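>>> Output the structure for:
(one chain, ligands or ions: 1)
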Amino acid sequence: MQNRSAILLVGGRGTRLAPLTNNTPKPMLQVAGVPFTEHQIIKARDAGISEIVLATSFKAELFEPYFGDGTDFGISIKYAVEEVALGTGGAISNAAQALSGTGPVAIFNGDVLSGHDLGAQFDFHEAKGADVTLFLTEVEDARAFGAVELDESGRVSAFNEKMENPPTNIINAGCYIFNREIISTIPFGKVVSVERETFPNLLATGARVFGFIDTSYWLDIGTPSALLKASRDLVLATGKEFMALEGSKISSSASITGGTVIGRSAQIAADAQISGCVIGDGAVIGAGARLTDCFVAEGFEVPTQVISFDNYFGF
Ligand code: GTP
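Numbers count the residues shown, from 1 in each chain. The predicted structure follows:
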């Protein structure tokens, strides 16, 4: 087995997550108490990946103070900053310069929470002698994704990026394995979309592109409701109704349920009822407030008796 490296694409603008992404890049938004990116870094480390490059652009300066050189996370972390966002393909080509190994590279979209077996995807890639292996999953409605067609051997025969009538419901699930030689065919320093340019070009030139189907938990966290779901699902998976971070104070008469996260040093007053929410660090929820599926920004004070559903406070 060659050494395994990874690139994490975390430079997008995250427009669908506004207003949450006005000041924080999507991958640094908190999910179950830590920046979303941390969940992916841990997944990469646990699959035997020894080095990862974060391909940053929007609010690039916010990543390194948190992740540093990766020592605290048990993996070597480097940064490749795009002054001007280079698109998903341009970002891969740019970030690959910072990798030291020579083995295949896992490339993660920075906004996918998935339980797929990354180690098995690497093994599949090697067993097939693939140039590129796409992790694929199945969805009911493929219109917002890249729908992929496969032949009997699992080789990708067509890649249809976001279309009205997708031919299959098997989609590109946002985690690829690329051999180094293939990365070096992506133009360097130019804006390139891996979905719209690189994949169709690879198919047109006869590259060995395979699809690895895994239908375990998968979620694109690109919208506020999906981000909230990701956080709730991770908390509920621990068997608890909520997660209270360090220094938070919760009145004994408050009810906290549905996978809620109570941020560091946040305060929840008497009789508050909070379900399925993400409450930011230092936020204060007034007595008797009833919040369902809401985001409350860091330090924001929600007045007493407020009743709200599916809402944002303080962004
Ligand atoms: P929206 O603006 O809401 O569509 O989100 P986005 O900007 O994140 O775009 P999209 O969801 O299509 O991006 C998929 C992944 O690629 C995300 O993890 C992005 O952070 C990342 N990404 C998108 N464009 C770039 C880019 O130009 N450079 C880098 N480094 N990453 C990018």
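>>> ok, and what's touching stretch 61-68?
Stretch 61-68 is touched from outside by 10, 24-25, 27-28, 35, 37-38, 41, 54, 56, 73, 77, 79, with contacts defined as C-beta atoms under 8 Å, 6 or more residues apart in numbering. From N, CA and C alone the C-beta is placed, and that goes for glycine too.
>>> Which members of these are positioned in helices?
Applying DSSP state H to these, the entries found in helices are Thr37, Glu38, Ile41.
>>> The second one touches Phe73, doesn't it?
Just to be clear, that refers to Glu38. Yes - if you go by C-beta atoms under 8 Å, Glu38 and Phe73 touch, sitting 7.3 Å apart.
>>> For the stretch 201-315 of the chain, which residues are neighbours of the ligand?
For the stretch 201-315 of the chain, the residues in contact with the ligand (C-beta under 6 Å from any ligand atom) are Gly222.
>>> Just want the residue of the stretch 201-315 of the chain that's nearest the ligand.
Among all residues of the stretch 201-315 of the chain, Gly222 sits closest to the ligand, at 5.0 Å; criterion: C-beta to the nearest ligand atom.
>>> Check whether that residue sits in a helix, strand or coil.
Here Gly222 takes the coil state, with states given by DSSP: H, G, I helix; E, B strand; the rest coil.
>>> How about the contacts made by it?
If you count contacts by C-beta under 8 Å, 6+ apart, Gly222 has them with Gly14, Arg16, Leu17, Lys26, Asp111.
>>> Mind putting those into a markdown table with secondary structure?
Shown next, in a markdown table, are the contacts of Gly222 (three-state DSSP):
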| residue | secondary structure |
| --- | --- |
| Gly14 | coil |
| Arg16 | helix |
| Leu17 | helix |
| Lys26 | helix |
| Asp111 | coil |
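>>> closest to the ligand among these?
Within the set of the contacts of Gly222, Arg16 lies nearest the ligand; the separation is 3.3 Å, counting by C-beta to the nearest ligand atom.
>>> which ones are touching that closest one?
For Arg16, the contacting residues are Gly222, Thr223, by C-beta under 8 Å, 6+ apart.
>>> next SSE after the host helix or strand of Ile182?
In this structure, Ile182 sits in helix 180-183 according to DSSP states H and E. Once helix 180-183 ends, the next helix or strand along the chain (criterion: DSSP H and E) is helix 199-204.
>>> May I ask which helix or strand of the protein has the lowest mean pLDDT?
Of all the helices and strands that make up the chain, the one with the lowest confidence by mean pLDDT, DSSP states H and E is strand 156-161; it has a mean of 91.
>>> Which secondary structure state does Lys43 sit in?
The three-state label given to Lys43 by three-state DSSP is helix.
>>> can you pull out the helices in this protein?
For the chain, the helices defined by DSSP H occupy 36-46, 64-67, 87-96, 118-128, 180-183, 199-204, 224-236.
>>> Packed most tightly, which of those helices would that be?
Mean neighbours per residue, mean count of other C-beta atoms under 10 Å, is largest over the helices of the chain for helix 87-96, with a mean of 24.
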